[in-house]
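Participant: with the sequence up front, the predicted model follows.
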Amino acid sequence: MKLVIQRVTEASVKVDDRVIGQIHQGLIVLVGVGQDDTRETADKYLKKMLALRIFEDEQGKTNLSLADVKGELLLISQFTLYANCRKGNRPSFIEAGKPDMADELYEYMIQEAKKKVPVVQTGEFGADMKVSLVNDGPFTIILEDL
């Protein structure tokens, strides 16, 4: 599993010119599912992501988690995080999870996140999405190989 986590002041995702997910202060997370990922993998990544202290406290130190700031979460599936560009100029995606399995884990992650975060918005698995965001900082973290 690979997650690209961005701290945002606002973010949204559109499908067919219709906003399907939108948040204010919080995290936008691009979720890539690999071939060997399981629910246990998703649990581990979700736990780590939600515990990250990447929001500023009163002293301007990154000391607060998403829960501490009552932040919102936007989860978007993105198989292209598994692009392998080592050979040639056309990326290979053979390391990405098969669509049925990846969709199942993405949906599982959404349901588990909703148990822990009051506002969880999502993209649409497999859709052509347009993502907009205001990265706060900018602050971007990549989680992989946990």
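Facilitator: Happy to help now that I have it.

Participant: how far does the helix or strand harbouring residue 109 sit from its chain's centre?
Facilitator: Element membership of residue 109, judged by DSSP states H and E, is helix 99-114. In terms of CA atoms, centre = their mean, to the nearest Å, the centre of helix 99-114 is found 11 Å from the chain centre.

Participant: what bridges to residue 131?
Facilitator: In this entry, residue 131 is beta-bridged to residue 13, by DSSP bridges.

Participant: enumerate every residue touching it.
Facilitator: 11-14, 28, 76, 123 (CB atoms under 8 Å, 6 or more residues apart in numbering). Every residue, glycine included, has its C-beta placed from N, CA and C.

Participant: at 10 Å what do you get?
Facilitator: 11-14, 21, 28, 30, 74, 76, 78, 123 (CB atoms under 10 Å, 6 or more residues apart in numbering).

Participant: ok, now residue 65?
Facilitator: Counting by CB under 10 Å, 6+ apart, the residues that residue 65 touches are 27, 49-55, 71.

Participant: backbone dihedrals for it, please?
Facilitator: phi -90, psi 180 (degrees, to the nearest 10).

Participant: can you pull the pLDDT of it?
Facilitator: At residue 65, the pLDDT value in this model is 98.

Participant: any idea how far residue 107 is from residue 62?
Facilitator: Applying CB to CB, to the nearest Å, the value for residue 62 to residue 107 is 31 Å.

Participant: which of the three states applies to the residue minimising distance to the centre of the chain?
Facilitator: Centroid-nearest residue in the chain: residue 29, 1.9 Å away (criterion: CA atoms, centre = their mean). Under DSSP: H, G, I helix; E, B strand; the rest coil, residue 29 falls in the strand class.

Participant: just the buried positions in stretch 29-45, please.
Facilitator: Going by neighbour count (16 or more other CB atoms under 10 Å), the buried part of stretch 29-45 is 29-34, 37, 41-42, 45.

Participant: just the C-alphas of it, formatted as PDB.
Facilitator: The C-alpha coordinates for stretch 29-45 follow below in PDB (Å, rounded to 0.1, in the frame of the first residue of the first chain):
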ATOM      1  CA  VAL A  29      -5.000  11.000   0.900                       C
ATOM      2  CA  LEU A  30      -4.300   9.300  -2.400                       C
ATOM      3  CA  VAL A  31      -4.500   5.600  -1.800                       C
ATOM      4  CA  GLY A  32      -2.600   3.100  -3.900                       C
ATOM      5  CA  VAL A  33      -3.300  -0.600  -3.300                       C
ATOM      6  CA  GLY A  34      -0.600  -3.200  -4.200                       C
ATOM      7  CA  GLN A  35      -1.000  -6.800  -5.200                       C
ATOM      8  CA  ASP A  36      -0.100  -8.200  -1.800                       C
ATOM      9  CA  ASP A  37      -2.100  -5.800   0.400                       C
ATOM     10  CA  THR A  38      -4.700  -7.100   2.800                       C
ATOM     11  CA  ARG A  39      -7.200  -5.700   5.400                       C
ATOM     12  CA  GLU A  40      -4.400  -5.900   7.900                       C
ATOM     13  CA  THR A  41      -2.200  -3.700   5.600                       C
ATOM     14  CA  ALA A  42      -5.000  -1.200   5.300                       C
ATOM     15  CA  ASP A  43      -5.500  -1.200   9.100                       C
ATOM     16  CA  LYS A  44      -1.800  -0.500   9.700                       C
ATOM     17  CA  TYR A  45      -1.700   2.300   7.200                       C
END
